[in-house]
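> 3D model of this:
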Amino acid sequence: MYRKPVIAIAGLACETSTFSPARTQASFFHPQRGDEIFDYRANPFLRAGQPLREAAEWKPALTGHALPGGIVTRKGYEELAEEIVTRLKDMGPLDGLWFDIHGAMVVEELEDAEYDLLRRIRQVVGSKTIISASMDLHGNVSQDLVHQLDLITCYRMAPHEDTIETRERAVKNLVDQLVEDRPLPYKAWLPIPILLPGEQTSTRMEPAKRIYAAVSDVEARENILDAAIWVGYAWADEVRNQAVVVVTGWNENDCVRGAEDLARPFWAAREEFEFVAPTGSLDECLDAALETRGPYMISDSGDNPTAGGAGDVTWGLTKILSRPEFKDESGPSLIYAFVPGPEAVETAVKAGVGATVTVTAGAVIDNLHAPPVTFTGKVHSIKHGDRHAEIEVVFQVGSVYAIITKLRKPYHKEHDFTELNLEPRKAGIVVVKIGYLEPELYAIAQSGTGWMLALTPGGVDQDLPRLGHKKIIRPMWPYDKVFDDDPDLTAKLIPMSNRPLS
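Okay, the predicted model is just below:
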């Protein structure tokens, strides 16, 4: 009688800036346990009745997905990692495991946190359990991590419009591996001495567009299962942080050749990488916006919460409120998202919509660049129940509509604004703590009069050399512009997980 493979699900995902003073606690991962994992918004392919759900006996353990942020506390990590291990111990023998991670998590007193978690999992499930990982292309892929994995893949688009597709691919590869009883694939790993921010490696533009377009070409070759390119995560300082190519398949030479065919054009294009939009200081961006009829989008990039910024840097809002153009209600309308301020939110909720109050917000966690911001404004709107922010308040200060939140949240969707009684398509200027624009914001910029990336300070500062990396391997582009010799771009075959590292 046919026996469905038994597959567990486990993992922790958090993109972590080591240059942010923020700390990520266990609760920030919003842990999901057991059948809750099937209902996670990025797992529609595992809902009841879906082919992949029916193809295996699933044993979900625990997964957690935190907003990008500061270093994960060791206490928080140990709490979640130990629960994952305990749950897996109670499951009995497993044929496979889907390792649901981001790839750029940093934990206090640990190097290579994803490998550490995988090592602990391997001690429980054993070397014969097939493990497949899905990752963000901004993750970091060490040799140790690849060694302990059997299958691995990552996003091929930035912005990550293929999140669900990538996760489904990792699961399908795992299910097919077990159901068809395939031989374990070979793994060719090739690190590249390049470490760039996402804002210079968006697949919307060259050279990343053509570099990632080649992934599917390599994957289509005979004997190749998967091809993947990671650009790495630039705002953490660890030895593993750099670009990497991994190709998996059933022929050693084909895997090696495929990895090298992807890595060499990446290295050759290193001087072509540019920012996804015109850049400038915040004042320069505001000056450009004021010359247009709007809407004009500005990325306050240094404190981007979806890249690891603390989110509570007040530098940008302070600068905007000091500009004379916005002092009067009749001035050009500007929406600013966002600054956390729990006490300011509480004051506004008590006062109600329409009240004028004086509040202080921000700079509780990251006060390295500016102190808390204090202003007097009219409460424009209040919203309760956001998954991340919990409570959001819009204050009108002159012609500025400043969003203040109880907790930090990303503002990526048009409804993030319209549900607050704001109309970004009709505003003169929209300033968002973000890097490259997510699709809906990008569409607003395209329908408006322009977009600029403001080079502002914060834990995800776009001026990478200014941050002061000390642990990354050197030489590394663009921190080093002169290399004594060309890097060795020869792929290395990584042993199977049940064999020791060579």
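
> From the chain's centre, how far out is the helix or strand encompassing Val246? Work that out for me.
For Val246, the element it lies in under DSSP states H and E is strand 243-249. In terms of Cα atoms, centre = their mean, to the nearest Å, the centre of strand 243-249 is found 20 Å from the chain centre.

> what sits up against that strand?
Outside strand 243-249, the residues within contact range by Cβ atoms under 8 Å, 6 or more residues apart in numbering are 140-141, 146, 151-152, 185-196, 218, 221, 223-232, 255-256, 258-259, 262-263, 266, 491. C-beta here means a position set from N, CA and C on the backbone, and glycine is covered the same way.

> next one: stretch 400-407
Stretch 400-407 has contacts (Cβ under 8 Å, 6+ apart) with 317, 320-321, 326, 333-342, 344-345, 348, 359, 361, 375, 377, 380, 386, 388-396, 411, 420, 422, 427.

> can you confirm Gly385 is in a helix?
No - counting by DSSP: H, G, I helix; E, B strand; the rest coil, Gly385 falls outside a helix, being strand.

> How many neighbouring residues does it have?
Residues near Gly385, counting by other Cβ atoms under 10 Å, number 8.

> cool, and Lys4?
14.

> roughly how far apart are it and Arg53?
11 Å (Cβ to Cβ, to the nearest Å).

> For the two, list the residues in contact with both.
Contacts common to Lys4 and Arg53, judged by Cβ under 8 Å, 6+ apart, are absent.

> Name the surrounding residues that touch the worst-scoring helix or strand of the chain on mean pLDDT.
Lowest on mean pLDDT, DSSP states H and E among the helices and strands of the chain sits helix 464-467, with a mean of 86. Helix 464-467 has contacts (Cβ under 8 Å, 6+ apart) with Phe19, Leu195, Leu196, Pro197, Ala234, Trp235, Asp237, Asp461, Pro478, Tyr479.

> thinking the third one is in contact with Trp230, fair?
What that stands for is Leu196. No - Leu196 is beyond contact range of Trp230, at 11.4 Å (criterion: Cβ atoms under 8 Å).

> out of these two, which sits in the more crowded spot?
Trp230 (24 against 18).

> that's a strand at Arg169, yeah?
No - going by three-state DSSP, the assignment for Arg169 is helix, not a strand.

> mind listing the strands for the stretch 101-250 of the chain?
Taking DSSP state E, counting those that start in this stretch, the strands of the stretch 101-250 of the chain run over residues 130-135, 151-154, 186-192, 224-230, 243-249.

> before we move on, the earlier item: list the neighbouring strands of the strand holding Val246 plus their orientation.
strand 186-192 (antiparallel), strand 224-230 (antiparallel) (DSSP bridges).

> Next, format the ones you listed as CSV and append distance to Thr279 and mean pLDDT.
CSV is the format used below for the strands paired with strand 243-249 (distance: least, Cβ to Cβ, whole Å; pLDDT from 0 to 100):
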stretch, distance to Thr279, mean pLDDT
strand 186-192, 25, 98
strand 224-230, 24, 98
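
> so which of the ones you listed gets nearest Ser132?
Distance to Ser132, taken as Cβ to Cβ, is lowest for strand 224-230 among the strands paired with strand 243-249, at 9.6 Å.

> so that closest one versus strand 130-135, what angle?
Between strand 224-230 and strand 130-135, the angle comes out at 40 degrees (axes from the mean of the first three to the mean of the last three Cα atoms, to 10 degrees).

> Could you check how far strand 224-230 is from the centre of its chain?
With Cα atoms, centre = their mean, you get 19 Å for strand 224-230.

> ok, residues contacting it?
Applying Cβ under 8 Å, 6+ apart, the set of residues contacting strand 224-230 is 103, 135, 137-141, 151-154, 156, 169, 173, 185, 211-212, 215-216, 218-219, 243-250, 254-255, 258-259, 262, 266.

> Could you check how many residues crowd around Pro93?
Pro93 has 9 nearby residues by other Cβ under 10 Å.
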